[in-house]
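J.: need coordinates for the following:
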Amino acid sequence: MKVISVNVGLPRDVGWQGGTATTAIYKQPIDGRVKVRSLNLEGDRQADLSVHGGPDKAVYGYPAEHYPFWRAEFPGIEMAYGMFGENFTVEGLLEDEIHIGDRLHIGTAEFQVTQPRLPCYKLGIKFGRQDIIPRFLKSLRSGFYLAVLQEGEVAAGDAIEVVSRTSGNITVADVVRIYADRQNRNLDLVNRALYTEALPASWRDYLARRLERDQAGA
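T.: Below is the predicted model:
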């Protein structure tokens, strides 16, 4: 497991629906070692802090293994690493293998997996087509957000070491499946996700409402 590319970008204004939108989804690969801060990478920012960024979404990772799938889906779109707005394009770390709460050592920094990425309209801006949003969610190729537990430095080529695994065994893909399939009534899975401490409060609030609804309909 390793980092293939480190990508950063600053907010910019882009045209959207006859007006402008501010987004930092345009990330570019950079060379050399990059400082990892508690809320982002050096040279990187998030545009709308009400839905992006913060301690639970400091860094976004996306598997390089997904790029061939998307290139086949959209052959007319050039897709360099960073296309999905990810900070780390990674190899060997897939959503159905990594768990919420897992701790990762990369370079001289340490991270914790917190949640999957849910697509918003800015991904549609980047692709120039809004149908990427439902297709992205349906694909379960979400990538994952990382909290920074220890600041340090990271560079492309750095190995990724899983320092510890959580006991709940809720994978990133499990959370996406729960969200994407509103008819999924696997109450045990929802309940285990609900009590996964590393999952942010916003997710656990959603899961509590979901569990209440599903139990009422059982």
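J.: helices of the protein, start to end?
T.: 67-73, 121-127, 132-139, 172-180, 187-194, 201-217 (DSSP state H).
J.: winner for burial among the ones you listed?
T.: Neighbour counts (mean count of other Cβ atoms under 10 Å) averaged over each of the helices of the chain peak at helix 172-180, with a mean of 22. Every residue, glycine included, has its C-beta placed from N, CA and C.
J.: format the helices of the chain as TSV; extra columns: distance to Glu161 and mean pLDDT.
T.: Shown next, in TSV, are the helices of the chain (distance: least, Cβ to Cβ, whole Å; pLDDT from 0 to 100):
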stretch	distance to Glu161	mean pLDDT
helix 67-73	23	97
helix 121-127	30	93
helix 132-139	28	94
helix 172-180	18	92
helix 187-194	25	86
helix 201-217	26	84
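J.: out of the ones you listed, which gets nearest to Leu94?
T.: helix 172-180 (7.9 Å; Cβ to Cβ).
J.: and the angle from the closest one to helix 132-139?
T.: Using axes from the mean of the first three to the mean of the last three Cα atoms, to 10 degrees, one finds that helix 172-180 and helix 132-139 are set 120 degrees apart in direction.
J.: which neighbouring elements make contact with helix 172-180?
T.: Under the contact definition 3 or more Cβ pairs under 8 Å, 6 or more residues apart in numbering; DSSP states H and E, helix 172-180 sits against strand 109-116, helix 132-139, helix 187-194, helix 201-217.
J.: got the angle for the longest one vs strand 109-116?
T.: Helix 201-217 runs at 30 degrees relative to strand 109-116, counting by the same axes, to 10 degrees.
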